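Novice: how does the following fold in three dimensions:
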Amino acid sequence: MPAKMKKLKRNKTQYSRLPRGEHGGIELLLIQSVDHLGKQGEVVEVKPGFANNYLLPQGLATVASDHHKRMVDKHKVKLHEIEEARLKDLKDLAKHISKQSITIEANANEEGHLYGSVGAAEIVNALKQNEIMLTNDQIRLEGVLKELGLYTVKIHLHQEIETELKVWVVPTVDDAT
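Specialist: From the prediction side, this is the model:
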């Protein structure tokens, strides 16, 4: 039989290089989080086809060797240190925000009812003038502000960190008077 006509045999030892888990699947270390499988840094056990046809070629996982596991542990320690530093910065920002008081001018009638309303976007813009950068979703209002007065607004910086901000809503000063 000519060499070209020979049937190519699949190398059955292809899977033997990959570490086997206790259930007979392939043990892999996830490089990125994969929905319905696991988070980044976790060791998972999958079927050989899923490992060889999807996870490994896409760069979503690597072989779960002892060396890779040690590297992930070191990386987790660094990530934990970075997260601790970030939390400290957010706590300092929360203290700074709690000492702040912002004033927002709005058009209102004689009874003090606003013609529009003051929402999260206006509060974020007022904070930007004080060089405090927040997003609209970090401002937690219990409804839009529709009257003149002093309000205490909750600011959500992190799961564990919330603070309060004093917001004065005052009438717009007319240039004609």
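
Novice: domain-wise, how is this structure divided?
Specialist: With domains defined by automatic domain parsing, the chain comprises 15-64, 94-171.

Novice: give the rounded mean pLDDT of the longest one.
Specialist: Yep, that's domain 94-171 we're talking about. In this model, domain 94-171 has an average pLDDT of 91.

Novice: likewise the shortest one?
Specialist: What domain 15-64 shows for mean pLDDT is 83.

Novice: before we move on, what about stretch 67-77?
Specialist: What stretch 67-77 shows for mean pLDDT is 81.

Novice: coming back round to it: turn the domains of the chain into CSV, columns for distance to residue 76 and mean neighbour count.
Specialist: C-betas here are computed from N, CA, C, even on glycine. CSV is the format used below for the domains of the chain (distance: least, C-beta to C-beta, whole Å; neighbours: other C-beta atoms under 10 Å):
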stretch, distance to residue 76, mean neighbour count
domain 15-64, 6, 15
domain 94-171, 19, 14
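
Novice: ok, now which ones touch the closest residue to residue 65 other than its chain neighbours?
Specialist: Counting by C-beta to C-beta, 6 or more residues apart in numbering, residue 65 lies nearest to residue 19, which is 7.2 Å off, once chain neighbours are set aside. By C-beta atoms under 8 Å, 6 or more residues apart in numbering, residue 19 lies in contact with 26-27, 63-65.

Novice: residue 55 against residue 28, yeah?
Specialist: Yes: Residue 55 is within contact range of residue 28, at 6.0 Å (criterion: C-beta atoms under 8 Å).

Novice: shared neighbours, these two?
Specialist: Jointly contacting residue 55 and residue 28 under the rule C-beta under 8 Å, 6+ apart are 46, 61.

Novice: contacts only, for residue 18.
Specialist: Residue 18 neighbours (C-beta under 8 Å, 6+ apart): 26-28, 48, 51, 63.

Novice: run the chain-centre distance for stretch 94-102.
Specialist: 24 Å (C-alpha atoms, centre = their mean, to the nearest Å).

Novice: direction included, what does the longest strand seen in the chain pair up with?
Specialist: If you go by DSSP state E, the chain has its longest strand at strand 162-171. Partners of strand 162-171 in the sheet, by DSSP bridges, are strand 101-106 (parallel), strand 149-156 (antiparallel).
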